[in-house]
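Q: Below is the sequence, then the predicted model.
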Amino acid sequence: MSRRVVVDPITRIEGHLRVEAETAADGTITSAYSSGTMVRGIELILRGRDPREAWAFAQRICGVCTLVHGIASIRSVEDALKWTIPANAQLIRNLMIGAQHVHDHVMHFYHLHALDWVDVVSALKADPLATSTLAQSISSYPKSSPGYFADTQKRIKQFVESGQLGIFANGFWGHPEYKLPPEANLMAVAHYLEALVWQREVVKLHAIFGGKNPHPNFLVGGAPSPISAGPGSSGAAATAVNVVTLEEVRGIIKSMQSFVEQVYLPDTLAIAGFYKDWFARGEGLGNFLTVGDFPAKGMDDPGSWFIPAGVIIGRDLKNIQPVDLRDPAQVQEFVAHSWYDYAGGKQQGLHPHAGETQLHYTGPKPPYEQLDVDGGYSWLKSPRWRGKPMEVGPLARLVMLYAKGHEPTRALADQALKTLDLPLAAIFSTLGRTAARTIESKIFADQMMVWLDQLLANIKRGDLSVHSDRLWDPATWPAEAKGVGFMEAPRGALAHYVVIKNGRIDNYQAVVPSTWNAGPRDAAQQPGAYEAALMDRHRLHDPKQPLEIQRTIHSFDPCIACAVHVVDPQGQGLSSITVR
């Protein structure tokens, strides 16, 4: 007899996500449904505004994706107005995006995803001396003494004995699917706490180039921070980027590199070694899309991008298909199973430049028992590439770089697979997705040092330019212009589409990673990436503690706040949500 398992909300994510799964008598998931339970309306807020200020609103889509929507927004306007930016501005943007990736991935692994594999309470049984021996066997990280782990264990014990686990509350502790020995659990919890301290320093890079974090400042046509050739001490030079602040950036990048190499990467491999069966489930689609990013010369020169653009269908790494986000035949959004409507009917797909945001809620009033999966069941749309559902994100980027022969990616991926004694096909999985995030953190942190050296070399040559004002006067703009600003956000392919008429925004659509991955079924009944992954060899040990669902959903690092937003017809935010 089948059973409907409801997980609402999925915790340890940004935003509100509901997942329902149909299970067979033995607990095997036969169907899955992903529902974003907040309405998306940011596009409505932006209509009629000056496109040069759109980034300041679009960036507030999310408090976790602290800069990616700002970058995508300014790129969309620059694309529409054919506005090129100086090389220094490009390098500064690359450094800021790279820092976002590394920071986001580390925080996701330890604070959102690791607790799917790590039993915090079990760490109380660990021997600190044995934990120290384990830690030193896999890494040269200096904080690995018996005393260090004994102190961490004391802190956990205080949480437990007080009856208030705080940040560790409401976990499925003791679940039989937890397989780590107590010492590995203690090591991971110690690094969980360590990462909280580490991230405070890392975000300073955004403040140096963008004035603050979260939501650093941006500027259409370049970077907001001027460059000073001198060290800077007072006046305008004190707020400029200079050799002193760039050396501080170098120190931040070194901190990223050491934490990734000595903590994040070893922990990922150590934990994965106990869960090798999770390298054989949770892929789902087998279709991967990247839009490309980190240009060396410009967004109009795909050959210079560090991350290439392309589509891989059915794991065929020998056949990479080109991507054109401007082509209405390639990218469309469907609302057949969404709580939206289109003027031409719910079965059609629309290219984002012609996209519509019409609210059409016909579902039950929360709280309710089950989703109406035959009708609309989500506030997310369903993006498709040439009618096919796609997975975007770190696994898509890893697969694309591997297929393109990127040597650092191949070396790191092959070494990880060799360490775990797994075939290449193992990367197409729940833990493959998690490992991909770790591998690209190492790649990006190393590449950031290259970009910093290039920026310093430009300054030494006397190139201090960070902004172009060629098109700052709206009187020089065309009466109508369309643009798309895209990038590889930590969670995957992100694109902002803008239509500008008479100097104002006429239409604005954001197609975000979690829309690609978390969207509901489309008009052809094809599931999205979340849904397909959960139907890929999953069986629940206990429907009341659906740890298995959490593991795979968290491997995507959901950001439902990016995909859906709450506003009333006057543009005012709403915050009242009932969750059972």
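A: That came through fine. Residues are numbered from 1 along each chain as shown.

Q: measure residue 381 to residue 350 for me?
A: Distance of residue 381 to residue 350, computed by Cβ to Cβ, to the nearest Å: 9 Å. Yep, even glycine has a C-beta here, placed from its N, CA and C like the rest.

Q: Against which helices or strands is the strand or helix carrying residue 435 packed?
A: In this assignment (DSSP states H and E), residue 435 forms part of helix 430-460. The elements that helix 430-460 packs onto, with contact taken as 3 or more Cβ pairs under 8 Å, 6 or more residues apart in numbering; DSSP states H and E, are helix 87-107, helix 243-259, helix 265-272, helix 394-403, helix 407-420, helix 547-555.

Q: As TSV, the ones you listed with distance to residue 134 and mean neighbour count would be great.
A: Shown next, in TSV, are those (distance: least, Cβ to Cβ, whole Å; neighbours: other Cβ atoms under 10 Å):
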stretch	distance to residue 134	mean neighbour count
helix 87-107	20	24
helix 243-259	18	18
helix 265-272	8	21
helix 394-403	27	25
helix 407-420	16	15
helix 547-555	23	24
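
Q: of all the ones you listed, which lies closest to residue 469?
A: With respect to residue 469, and counting by Cβ to Cβ, the nearest of these is helix 87-107 at 12.2 Å.

Q: Check the gap between the most centrally placed residue in the chain and residue 515 for me.
A: In the chain, the residue lying closest to the centroid (Cα atoms, centre = their mean) is residue 491, at 2.1 Å. Per Cβ to Cβ, residue 491 is found 10 Å from residue 515.

Q: Give me the more crowded residue out of residue 381 and residue 350.
A: residue 381 (33 against 19; other Cβ atoms under 10 Å).

Q: which residues touch stretch 298-313?
A: 75, 78-79, 84-85, 90, 94, 286-297, 319-323, 385, 388, 390, 396-397, 399-401, 403-404, 447, 486, 488 (Cβ atoms under 8 Å, 6 or more residues apart in numbering).

Q: mind listing the strands in the chain by residue range?
A: According to DSSP state E, the chain carries its strands in the segments 3-7, 17-23, 29-36, 288-295, 305-312, 320-321, 331-334, 340-341, 349-350, 358-359, 382-385, 480-489, 492-501, 504-511.

Q: so what sits against both of residue 381 and residue 350?
A: Both residue 381 and residue 350 are in contact with residue 333, where contact means Cβ under 8 Å, 6+ apart.

Q: Please work out how many residues are found near residue 129.
A: So residue 129, with other Cβ under 10 Å, has 14 neighbours.

Q: Sketch out the low-pLDDT regions of the stretch 151-300 of the chain for me.
A: Flagging of the stretch 151-300 of the chain using pLDDT under 70 yields the residue ranges 163-167, 169, 231-239.

Q: So which residues of it form helices?
A: Assignment of helices within the stretch 151-300 of the chain using DSSP state H, counting those that start in this stretch yields the ranges 182-202, 204-210, 243-259, 265-272.

Q: related to what we said a few turns ago, residue 451: which of the helices and strands packed on helix 430-460 is closest?
A: helix 87-107 (4.9 Å).

Q: now for that closest one, which elements pack on it?
A: helix 68-80, helix 182-202, helix 204-210, helix 243-259, strand 288-295, helix 430-460, strand 480-489.

Q: Check which residues of the third one are buried.
A: Going back to what we said before, that points to helix 204-210. The neighbour-count check on helix 204-210 (16 or more other Cβ atoms under 10 Å) flags 204-206, 208-210 as buried.

Q: Dump the helices of the stretch 151-300 of the chain to TSV, plus distance to residue 226.
A: Below are the helices of the stretch 151-300 of the chain laid out as TSV (distance: least, Cβ to Cβ, whole Å):
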stretch	distance to residue 226
helix 182-202	24
helix 204-210	11
helix 243-259	12
helix 265-272	37
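
Q: Please identify which of those is closest to residue 106.
A: helix 182-202 (5.6 Å).

Q: just the CA coordinates of the closest one, formatted as CSV?
A: C-alpha atoms of helix 182-202 as CSV (Å, rounded to 0.1, in the frame of the first residue of the first chain):
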residue,chain,number,x,y,z
PRO,A,182,31.8,8.9,17.6
GLU,A,183,35.4,10.2,16.9
ALA,A,184,34.5,11.3,13.4
ASN,A,185,31.3,12.9,14.7
LEU,A,186,33.3,14.9,17.3
MET,A,187,35.8,16.0,14.6
ALA,A,188,33.1,17.2,12.3
VAL,A,189,31.2,19.1,15.1
ALA,A,190,34.5,20.8,16.1
HIS,A,191,35.0,21.9,12.5
TYR,A,192,31.3,23.0,12.4
LEU,A,193,32.1,25.5,15.2
GLU,A,194,35.4,26.4,13.6
ALA,A,195,33.8,27.3,10.3
LEU,A,196,31.5,29.8,12.1
VAL,A,197,34.7,31.7,13.2
TRP,A,198,36.4,31.3,9.8
GLN,A,199,33.5,32.8,7.8
ARG,A,200,33.6,36.1,9.7
GLU,A,201,37.0,36.9,8.3
VAL,A,202,36.2,35.7,4.8
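
Q: Now do stretch 431-441, average pLDDT.
A: For stretch 431-441, mean pLDDT is 98.

Q: Against residue 421, how distant is residue 171?
A: 30 Å.

Q: quick one on the thing from earlier: now for the helices and strands packed on helix 87-107, which one comes closest to residue 23?
A: helix 430-460 (17.5 Å).

Q: Can you tell me the closest non-neighbouring residue to residue 297?
A: Nearest residue to residue 297 in three dimensions, chain neighbours excluded: residue 304, at 4.0 Å (Cβ to Cβ, 6 or more residues apart in numbering).

Q: Let me know the pLDDT of that neighbour.
A: For residue 304, the model assigns a pLDDT of 95.

Q: Of the contacts of stretch 298-313, select the buried ones using a ChimeraX command.
A: Buried residues within these, by 16+ other Cβ under 10 Å, are selected in ChimeraX with:
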select :75,78,79,84,85,90,94,287,288,289,290,291,292,293,294,295,296,320,323,385,390,396,397,399,400,401,403,447,486,488
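
Q: what's the weakest-modelled helix or strand in the protein?
A: Within the chain, no helix or strand scores below helix 560-563, which has a mean of 78 by mean pLDDT, DSSP states H and E.

Q: Extract the CA atoms of it and return them as CSV.
A: Taking Å, rounded to 0.1, in the frame of the first residue of the first chain, the C-alpha atoms of helix 560-563 are listed here in CSV:
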residue,chain,number,x,y,z
ILE,A,560,13.8,28.9,-2.1
ALA,A,561,13.9,32.6,-1.1
CYS,A,562,15.7,33.2,-4.4
ALA,A,563,13.0,31.3,-6.3
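
Q: If anything else comes up later, I'll come back, but that's it for now.
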